[in-house]
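[1] For reference, the sequence and a predicted model appear below.
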Amino acid sequence: MTLDSPVLGLETSCDETAAAVVAGGEVVMSSIVSSQIDLHARYGGVVPEIASRAHLELLVPVLAESLLEAGVVPSDLVAVAATNGPGLIGSLLIGVSAAKALCLVWELPFVAVNHLEAHLYAALLDDADIEFPIVVGLISGGHTLLVSMRGPGDYRVLGGTLDDAAGEAFDKVARFLGLGYPGGPAIDAQAALGDPRAIAFPRALMSEGLDFSFSGLKTSVVNYVRKHPEVDTRDVAASFQQAVIDVLVHKIRIAARTTGAKGIAIGGGVAANSQLREAVMDLCDAEGLHVHLPARSMCTDNAAMVAAAGWHRLRSDGPSPLDTGAFPGLGLLST
Ligand code: KG4
Ligand code: ZN
């Protein structure tokens, strides 16, 4: 396998239908994402059955576009990678089955990719000069994990959420405030207009290890707004967001210090948050660490990260058997 070997990646774990071609695990030749946000918005969250049906309709045009934009034909590819967990089972099965079918027809190896591992690789895309170890904050709608990455495929999970994921808290608070779905970008926008010091929301587990808890914060937002119905929504959004960021940055700092990290990366949908990105850059400045901030489009779900992770997995473990299943509750393997 040469360094420029292009891998086709497919991502269908939740409500984004995505396909991408990535060469050598880091050069993004194309990355097409078709979001289903409009289909789910009226229900206030992702409806699994609607998501699977939409993936079925969207996947072929999306993958055709990704090949066209990358300027490659199937015989140029070295593998087809697809997310096989964690995620919604019906949605995962669409991507996994499509990838296997393509591999049979195109006579290519199939690579099953862990969605969480893929988010870690998003931080490495277009950033070849990473000095390990780094601490990665994987902060999405389904997970909040602190990971020590000592090299590709070599991770130690340092902490995670005990209840809600950070993105889930953003979505629930936004829903309560009537800001719509998905909540993260809506709170991000409202927070920019509010005062982050207006309300002192709690910062949970600050001096208790590297785990997180966000469900108490969500409850205290609800209680506060019910008690003070006249409060400015922009101040609530800004104060809530600041509480989440303070906890994340505090624990990322401790994780970096205790593991002797050379740099910090963030990934997952919440890593697209404007204030969190600023705060992580400030943290790295203060601690003298390299900062690895993926482009916003690489933070939320996409297939470029799947193709990149697939390229590394193919190198380290070889192809996945064609009877590999899809696993809704797949975790990140800690070494
Ligand atoms: O990584 P992702 O696309 O999907 C999962 O694997 O979960 O993350 C989606 C999450 C949602 O909870 C969404 O509200 C949040 O990321 N999100 C944000 C922002 N953009 C997306 N949260 C805060 N600020 C944002 N700008
Ligand atoms: Zn994700």
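    Arrived safely. Ligands and ions are numbered 1, 2, ... in the order given.
[2] Would you mind finding the longest helix in this protein?
    Using DSSP state H, we find that the single longest helix of the chain is helix 233-259.
[3] what pLDDT, on average, does it get?
    For helix 233-259, mean pLDDT is 98.
[4] and it, which residues are buried?
    By neighbour count with 16 or more other C-beta atoms under 10 Å, helix 233-259 contains the buried residues 234-245, 247-256, 259. The way it works is simple: take the backbone N, C-alpha and C, and place the C-beta from them, glycine included.
[5] do the same with stretch 57-71
    58-59, 62-63, 66-67, 70.
[6] Make JSON lines out of those and add distance to ligand 1, secondary structure and pLDDT.
    Shown next, in JSON lines, are these (distance: C-beta to the nearest ligand atom, whole Å; DSSP: H, G, I helix; E, B strand; the rest coil; pLDDT from 0 to 100):
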{"residue": "Leu58", "distance to ligand 1": "16", "secondary structure": "helix", "pLDDT": "95"}
{"residue": "Leu59", "distance to ligand 1": "18", "secondary structure": "helix", "pLDDT": "96"}
{"residue": "Val62", "distance to ligand 1": "16", "secondary structure": "helix", "pLDDT": "97"}
{"residue": "Leu63", "distance to ligand 1": "19", "secondary structure": "helix", "pLDDT": "97"}
{"residue": "Ser66", "distance to ligand 1": "18", "secondary structure": "helix", "pLDDT": "98"}
{"residue": "Leu67", "distance to ligand 1": "23", "secondary structure": "helix", "pLDDT": "98"}
{"residue": "Ala70", "distance to ligand 1": "22", "secondary structure": "helix", "pLDDT": "97"}
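[7] could you pull out the strands for the stretch 201-335 of the chain?
    263-267, 290-292 (DSSP state E, counting those that start in this stretch).
[8] typed the wrong thing, it's the stretch 1-150 of the chain
    Secondary structure of the stretch 1-150 of the chain (DSSP E, counting those that start in this stretch): strands at 6-11, 16-23, 27-35, 79-85, 110-114, 134-139, 144-151.
[9] Compare those and report which one is nearest to ligand 1.
    strand 16-23 (6.8 Å; C-beta to the nearest ligand atom).
[10] Quick one: distance of the closest one to the chain centre.
    14 Å (C-alpha atoms, centre = their mean, to the nearest Å).
[11] what angle sits between that strand and strand 79-85?
    For strand 16-23 against strand 79-85, the angle by axes from the mean of the first three to the mean of the last three C-alpha atoms, to 10 degrees is 140 degrees.
[12] got the angle for strand 16-23 vs strand 6-11?
    Using the same axes, to 10 degrees: strand 16-23 against strand 6-11 is 170 degrees.
[13] Against which helices or strands is strand 16-23 packed?
    With contacts taken as 3 or more C-beta pairs under 8 Å, 6 or more residues apart in numbering; DSSP states H and E, strand 16-23 sits against strand 6-11, strand 27-35, helix 48-70, helix 304-317.
[14] one step back: closest to ligand 1 out of the strands of the stretch 201-335 of the chain?
    Taking the strands of the stretch 201-335 of the chain one by one with C-beta to the nearest ligand atom, strand 263-267 is closest: 7.8 Å.
[15] The closest one and ligand 2, any residue contact?
    No - Strand 263-267 lies out of reach of ligand 2 by C-beta under 5 Å from the ion, never closer than 8.5 Å.
[16] Next: stretch 127-142.
    Yes - with C-beta under 5 Å from the ion as the criterion, ligand 2 is reached by stretch 127-142 at Ser140.
[17] Tell me the buried residues in that stretch?
    Those would be 130, 133-142, for stretch 127-142 by 16+ other C-beta under 10 Å.
[18] And for stretch 294-309?
    Buried residues in stretch 294-309, counted by 16+ other C-beta under 10 Å: 294, 298-309.
[19] hmm, back to that, want to throw the buried residues of stretch 127-142 into JSON lines with distance to Pro202 and pLDDT?
    As requested, those are exported to JSON lines (distance: C-beta to C-beta, whole Å; pLDDT from 0 to 100):
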{"residue": "Ile130", "distance to Pro202": "35", "pLDDT": "86"}
{"residue": "Pro133", "distance to Pro202": "31", "pLDDT": "96"}
{"residue": "Ile134", "distance to Pro202": "29", "pLDDT": "96"}
{"residue": "Val135", "distance to Pro202": "24", "pLDDT": "97"}
{"residue": "Val136", "distance to Pro202": "26", "pLDDT": "96"}
{"residue": "Gly137", "distance to Pro202": "20", "pLDDT": "97"}
{"residue": "Leu138", "distance to Pro202": "23", "pLDDT": "96"}
{"residue": "Ile139", "distance to Pro202": "19", "pLDDT": "96"}
{"residue": "Ser140", "distance to Pro202": "22", "pLDDT": "93"}
{"residue": "Gly141", "distance to Pro202": "22", "pLDDT": "91"}
{"residue": "Gly142", "distance to Pro202": "23", "pLDDT": "89"}
